[in-house]
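Enquirer: Sharing a model prediction with you, sequence too.
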Amino acid sequence: MLRKISSFWLRHIHPRFAPLIATIGIVGLASCLLILFVLAKLAEEVLEQEAFAFDTTFLLWLHQFANPHLDNLMLFITNLGNPNTVVIVAGGTLLLLWWQRYQEEAKIFVLACLGGLILNTGLKLLFSKPRPELWHRLISEKSFSFPSGHALGSMVLYGFIAYELAIHYPNFAKVIYSLTVIFIAAIGISRLYLGVHWPTDIIAGYGVGFLWLIICITMLKLQRLRQGNLVD
């Protein structure tokens, strides 16, 4: 029985998945599956309107460190993920990619940004989760809470930019990715500090954003692979 399953996998399934596995790797594929599992569990709980005890506990713990200096810092950081800033950064990146004649990268970048926007809007409407109301907030948000658009958007936008920079400057790849992770994490923390999101919103935003980013990067890699084969 096992021999038949193995033979079927090698003949019919593996050839179709081979390019995908070669592109993102076994670890990357396993990470995506794990993130998908966590997102499914979170989505189930949110749809059933189950309360996450640590959501409130964590926000109240974080709020005890609030002070005017941190308020100003967190407001500045959260602005880096606001729609106005994102549009400027995305527009500048697109123009730069097109000017440098990285047309395939530009097309996938547009797809990544538009897809992220659609995912964020659609999921917020689907889950319709209210935002925290634990204290008087410094900023006002009118949209729903789950998932965090700042977390999702920053993961897709700044993650894609980091990938492109790392590809063109491989000697600085580790530094680029490290700084990007810190930067994206800071945006998420700022949303929690300001009390406009629950921790589960941030986790879901990062998870959805990461999966969509991986899909877009994989499409770009496969496109480059096809172009390379055509050239050869």
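Expert: Received, thanks.

Enquirer: Next, the contact list for the residue sitting nearest the centre point of the chain, please.
Expert: The geometric centre of the chain, computed from its C-alpha atoms, lies nearest to Gly209 (C-alpha atoms, centre = their mean), at 2.2 Å. Neighbouring residues of Gly209 by C-beta atoms under 8 Å, 6 or more residues apart in numbering: 116, 151-156, 159. Where you see a C-beta, it was placed from the backbone N, CA and C, and this is true even at glycine.

Enquirer: would a markdown table of the residues you listed with distance to Val175 and neighbour count be doable?
Expert: Formatted as a markdown table, the contacts of Gly209 follow (distance: C-beta to C-beta, whole Å; neighbours: other C-beta atoms under 10 Å):
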| residue | distance to Val175 | neighbour count |
| --- | --- | --- |
| Gly116 | 25 | 26 |
| Ala151 | 23 | 28 |
| Leu152 | 25 | 28 |
| Gly153 | 23 | 25 |
| Ser154 | 19 | 28 |
| Met155 | 19 | 27 |
| Val156 | 21 | 29 |
| Gly159 | 15 | 24 |
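
Enquirer: so where's the chain uncertain?
Expert: 1-29, 50-51, 227-232 (pLDDT under 70).

Enquirer: how about the helices in it?
Expert: 2-8, 14-47, 53-63, 68-79, 83-99, 103-127, 149-168, 173-193, 199-231 (DSSP state H).

Enquirer: which of those helices sits most buried?
Expert: Highest mean neighbour count of the helices of the chain: helix 149-168, a mean of 23 (counted as mean count of other C-beta atoms under 10 Å).

Enquirer: so how far is that helix from its chain's centroid?
Expert: How far helix 149-168 lies from its chain's middle: 8 Å, per C-alpha atoms, centre = their mean, to the nearest Å.

Enquirer: Give me the helices and strands touching that helix, please.
Expert: Helix 149-168 makes packing contacts with helix 83-99, helix 103-127, helix 173-193, helix 199-231 when contacts are defined by 3 or more C-beta pairs under 8 Å, 6 or more residues apart in numbering; DSSP states H and E.

Enquirer: how about these, which one is nearest His63?
Expert: Of all the helices and strands packed on helix 149-168, it is helix 173-193 that lies closest to His63, at 7.7 Å by C-beta to C-beta.

Enquirer: quick one on the thing from earlier: for the helices and strands packed on helix 149-168, give me CSV that also has distance to Leu34.
Expert: Formatted as CSV, the helices and strands packed on helix 149-168 follow (distance: least, C-beta to C-beta, whole Å):
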stretch, distance to Leu34
helix 83-99, 28
helix 103-127, 19
helix 173-193, 18
helix 199-231, 10
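
Enquirer: Of all these, which one is nearest Ser145?
Expert: Among those, helix 199-231 sits nearest to Ser145 (C-beta to C-beta), with 5.1 Å.

Enquirer: ok, Ser143 - contacts?
Expert: Contacts of Ser143 by C-beta under 8 Å, 6+ apart are 124, 149.
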